[in-house]
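Asks: dropping the sequence and predicted coords here.
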Amino acid sequence: MAARAVTGTRTGVAAVSRRTLALGALAALATAGSTPAYASGRHRREMRGVWLATVAGRDWPSRPGLPPEEQRAELVAHLDRAVADRLNTVIFQVRPTADALWPSPYEPWSEYLTGTQGRDPGWDPLGTAVREAHARGLELHAWFNPYRIANHTDPGRLTPDHPARLHPEWVVPYGGKLYYNPGLPEVRRFVRVAMLDAVAKYPVDAVHFDDYFYPYPVAGQTFDDDAAYDAYGGGFEDRAAWRRDNIDRLVREVGAGIRRVRPGTRFGISPFGVWRNAATDPHGSDTRAGVQTYDDLYADTRKWVREHWIDYIVPQIYWNIGFSAADYAKLLDWWAAEAAGTRTRLYVGEALYKAGAAGQPPAWQDPAELSRHLTLADEYPQVRGHVFFAAQDLARDPLGAMARVVADHYRRPASPPR
């Protein structure tokens, strides 16, 4: 989920007058030390979310192999912290690497629970998370990674009955990891069925994908999908168009499956914050990002919004206001314009993890930077809330950036958008 490299800069061209007014208001706010007017009054309906990552134990559990009661207590503590900060949604990673945090008939128990893939942890983390979240008035969005199999390249480390071992023809090693091949219809069918098993069993409020579709580019390496392209890519102008169609199909098919299995459950995606740079495409953002989702991950996120294939989008705008290569303010303006007039809700992914972190630019050493993001976003009616990465940083809050957000913007509870 961490933001990828960006390089260079471009002259700002989007909504200059509006941005100037908004930044002027921010300057006045910082000078006066006052609170945004909207923070003081009415009950709001907006997304206030946090990601709870389980891959490699990023946020939870604190270490694999804890007794069930300790894992459960840690999980509940994250939910309680969300409530204390007046959030209303937890996005819980339940399929980090082609595995499961629920008793799945299709994939093994996650190694991040016990330290051994396939070992029963003795309890049901997803079932517990749904039940305990709802008891606290929180929504629980089930977060799946569709194609990542393992953070290594040794199939022998997978369980003997792992689908990736039973179907080695589905697997592509790349960048030190194993992936399912998105170009194979049987892979797309399998991952959809495996994920929808959780939707059928639990009253999750939404299904959630992050930014991983085709893997991020690795210099000097090639994602070897030649055989699949030879078999299925004949009707496309090039391999890139075929790959984008593969991801489009996944998005459409998962959305249709959710509606069939549990009507009313939403479908949301949190992509890397840059669809395309304006230098690449006149419809793109005024950025110079080193990664573009359309070209590098083969994810046409702009199309998904405009076609309403998803119910909400949470672009990871993980940069500070004024960052030359990818300015938060410019990307906010671009995404708001793209969401305008569509039925896809726009929430903003916020880099809480950068606040106070070593090596981050000076803006991220200021505890008010994150609060300024929310103040600026309030200028856009298309922005219906924010999601913070991630739960561990919410709990620690070393710089007090989240405490500042709560004081400035979350004085009163808010209901999730519908």
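Replies: Received it, and whenever you're ready, just let me know what you need. This one's a predicted model, so the numbers in the text were calculated from it and none came from an experiment.
Asks: make sure Pro182 is actually in contact with Ile247.
Replies: Yes. Between Pro182 and Ile247 there is a contact at 6.3 Å, judged by CB atoms under 8 Å. Where C-beta positions appear, they are placed from N, C-alpha and C, glycine not excepted.
Asks: shared neighbours of the two, which are they?
Replies: 213-214, 298 (CB atoms under 8 Å, 6 or more residues apart in numbering).
Asks: so of those, which ones are in strands?
Replies: Among the shared contacts of Pro182 and Ile247, none falls in strands (DSSP state E).
Asks: that's a helix at Leu370, yeah?
Replies: Yes. Assigned with DSSP: H, G, I helix; E, B strand; the rest coil, Leu370 falls within a helix.
Asks: list the contacts for it?
Replies: Contacts of Leu370 (CB under 8 Å, 6+ apart): 350, 352, 355, 401-402, 404-405.
Asks: same thing with Asp210?
Replies: The contact partners of Asp210, taken as CB under 8 Å, 6+ apart, are 1, 143, 145, 269-271.
Asks: one more pass at 6 Å, please.
Replies: 1, 270 (CB atoms under 6 Å, 6 or more residues apart in numbering).
Asks: how close does it get to Val387?
Replies: 11 Å (CB to CB, to the nearest Å).
Asks: please apply the same query to Thr375.
Replies: In this view, Thr375 and Val387 are 17 Å apart by CB to CB.
Asks: more neighbours, the two?
Replies: Neighbour totals were compared for Thr375 and Val387, and Val387 leads with 26 against 23 (other CB atoms under 10 Å).
Asks: where does that one sit: helix, strand or coil?
Replies: Using three-state DSSP, the structure places Val387 in strand.
Asks: okay, and the beta partners of it?
Replies: Gly49, Gly349 (DSSP bridges).
Asks: apart from its chain neighbours, what residue comes closest to Asp124?
Replies: Take Asp124 and drop its neighbours on the chain: the residue closest to it by CB to CB, 6 or more residues apart in numbering is Trp102, 5.9 Å away.
Asks: distance of the one you found from Ala240?
Replies: For Trp102 relative to Ala240 (CB to CB), the value is 35 Å.
Asks: so between these two, which is more surrounded?
Replies: Trp102 (21 against 14).
Asks: my read: the more buried one touches Leu126, true?
Replies: Yes. The criterion here is CB atoms under 6 Å, and Trp102 meets it with Leu126 at 3.9 Å.
Asks: settle this for me: Gln71 is touching Ser62, isn't it.
Replies: No. Judged on CB under 6 Å, Gln71 makes no contact with Ser62 at a distance of 8.7 Å.
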